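J.: after the sequence you'll find the predicted model.
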Amino acid sequence: MLYKLQKEGYSAYLVGGCVRDLLLGREPKDFDVVTNADPEEIKKVFRNCRLIGRRFRLAHVHFGREVIEVATFRGPAESKNDEKQVLNNEGRLLRDNVYGTIEEDVWRRDFTVNALYYNIKDFSVVDYVDGMTDHKAAQLKLIGDPETRFREDPVRMIRAVRFAVKLGFNIDHDCEVAMHKVADLLSSIPSARLYDEAIKLFLSGYALQTFEMLRHYGLFQVLFPATEQSLAVEENGYPKQLLIKALENSDNRIADGKTVTAYFLFAAFLWESVQTSAKHKVSRGVPEYVAYQDAANEVIAQQVKSTALPRHITLAMREVWSLQAKFNARYGSKPSRLITHPRFRAGYDFLCLRAETGGVDPELAEWWGKYQEASENDQRKMTQPPRKSTGAKSPRKRGYRPRAKKTTPGSDV
Ligand code: ATP
Ligand code: MG
C-alpha cells in the first residue's frame, strides 16, 4: 500500500502503534498508514476502499478480511471559525478534518511514542517529538501540555492506561497530575465511544491490571459507576473477589489462546448491583422473580448511560443472571432442559465463579459439573428427588398406592 501510494506521487508512512510495537519487537495489532493524499484521492488509488467517520474522516482499505486504515495528515485550523475543526466549551475536539503536512500532523498525535513515522523511501524512522528517547525509557508522554491535550480528547486518559499496561510503560508524571485533575471529563464522551474503548480495555489480556489502574486514576467510576459503588460497599469481601476472579479468568483464557466474551465480564461487573437492588425489592414484598427482572432492567438502563453496552450484550448478561436462580432446580425434568439452554455454559461458568468466591454453596456448582459429565442414565438418577425416609421399614404392602388427592379447580396442585 505504501509503495502504491508512493507510485501515484503521494508520500506515505506507517505511523502509530505499529511502529511503536515493531520497535519493541512485538507483533503489531494492526497497521496505520498516513499520507498526504486526501480521502477522495485515497479512494481513487485503491479499489477496495471505503471512507468512514464524520468526526475524523479516513479511508478503510479492505484486503479480504484485513482492513488497513489510511488517514490523511491533519493540520491546525486556519481560523477559530473553521467548521472542519470544532472544539466544545471544555476544549474537546469534536471534529478534526483539516488536512496538513507531516510536520503539522505530528502535533495532534497523543503520545510521543505514538508519533513515530516509518518512511519506506529510506527505511528511516521520522521523529519530531523525541519519541525515540521516550520509547527507550519506556515513558508515555503526551505531546504538548498534558491538561490541554486531555481536555481536547479525554479518551486519551484511558488510552494512557491501556498502553501503560500493555507495553509495561510508565505514565509520565505531568500526565499523571493532569489525569487526576480532569478524570471526570471522561463522562462527556459519548457512551457509544466509551463502549468501544471498554472493549479494548478489558478484552486485551490485561484486564485485571487495567481495572486496578483505571481505578487508581478515578476513570473506572466513569465507565462503570454502579460497579464502583458496589466496590465501595465491600472492599475486602465477596463482591470484589468475584470481579477480580472474573478479570483474572478472562486474562488466563486469553493467555491460553481461548476466546473471551464481553458479556460475561460485564455480567460480573454488575452482578453485585443487581443482587443488592433485587434484595431490597424482595424485602419490600416484591416476588423474587419479579424483583430480579426489575433490578436487572434498572441496573442495565443506568449502565448504558455511561457505557453503551449494545443490546446483544445486555441480553446475554440478563440470561447469565437469570440462569443463576434456575440452577437451584435439580430434580425432575428441569436440569435436562436447562442444559440445552444456549447460554448454559456461560451461566455455569458464572455459577462456578460465584462458588469460588463465596457467593453460593460450592456443592451446587459441583453437582452441575457432575451432571454435565454423567451418562443419561446417571443423569436420570441424579435428578430423582430424594425419598423421604422414616428410618423404619415401610409397613406398606406391595402394590399399595396412596389415594389421589382431591384437587379443586384453580388450585395449583
Ligand atoms: P493499538 O492499535 O496498538 O491499540 P495505536 O497507537 O495504533 O495502538 P490506534 O487507535 O490504532 O492506536 O491509533 C493510531 C494512531 O493514531 C496512534 O498511535 C496515535 O498516533 C493516533 N491517535 C489515535 N487516537 C488518538 C487520539 N485520541 N488522540 C490523538 N492521537 C490519536
Ligand atoms: Mg493501531
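T.: Good, I have the coordinates. None of these values were measured; they are calculated from a predicted model. Ligands and ions are numbered 1, 2, ... in the order given.

J.: wait, residue 149 touches residue 142, no?
T.: Yes - counting by C-beta atoms under 8 Å, residue 149 touches residue 142, with 4.7 Å between them. Every residue, glycine included, has its C-beta placed from N, CA and C.

J.: which residues are common contacts for these two?
T.: The contact sets of residue 149 and residue 142 overlap at 110, 156 (C-beta atoms under 8 Å, 6 or more residues apart in numbering).

J.: show me where the stretch 151-300 of the chain has strands.
T.: 170-171 (DSSP state E, counting those that start in this stretch).

J.: in stretch 305-317, what counts as buried?
T.: Within stretch 305-317, the residues scored as buried using 16 or more other C-beta atoms under 10 Å are 306-309, 313-314, 316-317.

J.: what do you get for stretch 169-176?
T.: Buried residues in stretch 169-176 (16+ other C-beta under 10 Å): 169, 171-172, 175-176.

J.: low-confidence ranges, this structure, go.
T.: Applying pLDDT under 70 to the chain flags residues 78-84, 93-95, 234-239, 389-413.

J.: in it, what residue lies closest to ligand 2?
T.: Residue of the chain nearest ligand 2, by C-beta to the ion: residue 17 (3.6 Å).

J.: quick check on that residue: phi, psi?
T.: Main-chain dihedrals, residue 17, degrees, to the nearest 10: phi -50, psi -40.

J.: does it really touch residue 30, like I thought?
T.: Yes - Residue 17 is within contact range of residue 30, at 7.2 Å (criterion: C-beta under 8 Å).

J.: in terms of neighbours, single out the busier of these two.
T.: Comparing residue 17 with residue 30 by neighbour count (other C-beta atoms under 10 Å), the higher total belongs to residue 17, at 19 against 12.

J.: and that one, what does it touch?
T.: By C-beta under 8 Å, 6+ apart, residue 17 lies in contact with 28-30, 32, 114.

J.: for residue 254, same thing?
T.: Neighbour list for residue 254: 203-205, 260 [criterion: C-beta under 8 Å, 6+ apart].

J.: from these, which is closest to residue 357?
T.: For the contacts of residue 254, the minimum distance to residue 357 (C-beta to C-beta) is 18.4 Å, reached by residue 260.

J.: thinking again about what came up before, the contacts of residue 254: which two are farthest apart?
T.: Across those (C-beta to C-beta), the longest gap, 10.0 Å, separates 204 and 260.

J.: ranges for the helices of the stretch 1-150 of the chain?
T.: For the stretch 1-150 of the chain, applying DSSP state H, counting those that start in this stretch gives helices covering 2-7, 17-23, 39-45, 102-105, 131-136, 146-152.

J.: scan the protein for its longest helix.
T.: helix 262-283 (DSSP state H).

J.: name the residues that touch it?
T.: Residues contacting helix 262-283 (C-beta under 8 Å, 6+ apart): 199, 202-203, 207, 224, 226-227, 229-230, 233-234, 239, 242-243, 246-247, 250, 288, 290-292, 294-296, 298-300, 303, 309, 313-314, 316-317, 320-321, 346, 349-350, 353.

J.: and what of stretch 351-359?
T.: So stretch 351-359 is contacted by 238, 241-242, 245-246, 249, 268, 323-324, 327, 360-362, 364-366, 368-369 (C-beta under 8 Å, 6+ apart).

J.: how distant is it from the center of its chain?
T.: In terms of C-alpha atoms, centre = their mean, to the nearest Å, the centre of stretch 351-359 is found 22 Å from the chain centre.

J.: just the contacts of residue 17: which are in strands?
T.: residue 32 (DSSP state E).

J.: out of the contacts of residue 17, which end up buried?
T.: So, by 16+ other C-beta under 10 Å, the buried ones in the contacts of residue 17 are 32, 114.

J.: got TSV for the contacts of residue 17, with distance to ligand 2 too?
T.: What follows is the contacts of residue 17, written out as TSV (distance: C-beta to the ion, whole Å):
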residue	distance to ligand 2
28	7
29	6
30	5
32	5
114	9
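
J.: show me which of the contacts of residue 17 is closest to ligand 1.
T.: residue 114 (3.2 Å; C-beta to the nearest ligand atom).
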